[in-house]
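> I would like the atomic coordinates for the input below:
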Amino acid sequence: MAIGLLATITVLEGKNEAFERTFLDLTEKVRANEPGNVFYALHKSGSDPQVYKVLESYEDQAALEAHGQTDYFKAANVKLAGLVGGRPDIEYLDGVE
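Numbers count the residues shown, from 1 in each chain. Sure, this is the predicted structure:
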């Protein structure tokens, strides 16, 4: 069963450019290397420039778990940790088929 994820991330003032650059690099790696990833997209809030939403979809739970275990995901999280104002708010979603 497909699984979705919606992550809300608040970025520190003045760190938007670095955050976007780091996240878009991660996005390229996810799309190129994870066949179980259906989509992975970063969006910026229209009402708060410090808030971003990440929309993700995976073929199944195993694909989502594999994503979190990749070296490039772990490395990106180290870089992103200094750019954000705390842990992301993550909502898991069940695919409707």
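> use CA for all of it now, contacts and neighbours both
Will do.
> quick check: residue 39 is in a helix.
No. Going by DSSP: H, G, I helix; E, B strand; the rest coil, the assignment for residue 39 is strand, not a helix.
> pretty sure it sits against residue 57.
Yes. With contact defined as Cα atoms under 8 Å, residue 39 and residue 57 form a contacting pair (5.3 Å).
> more crowded one of the two?
The residue with more neighbours, out of residue 39 and residue 57, is residue 57; 22 against 15, by other Cα atoms under 10 Å.
> let me see the ranges of the strands in the protein.
Counting by DSSP state E, the segments of the chain that form strands are 3-10, 37-44, 51-58, 89-94.
> so can I have JSON lines of these showing distance to residue 29 and mean pLDDT?
What follows is the strands of the chain, written out as JSON lines (distance: least, Cα to Cα, whole Å; pLDDT from 0 to 100):
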{"stretch": "strand 3-10", "distance to residue 29": "18", "mean pLDDT": "98"}
{"stretch": "strand 37-44", "distance to residue 29": "10", "mean pLDDT": "97"}
{"stretch": "strand 51-58", "distance to residue 29": "14", "mean pLDDT": "98"}
{"stretch": "strand 89-94", "distance to residue 29": "21", "mean pLDDT": "96"}
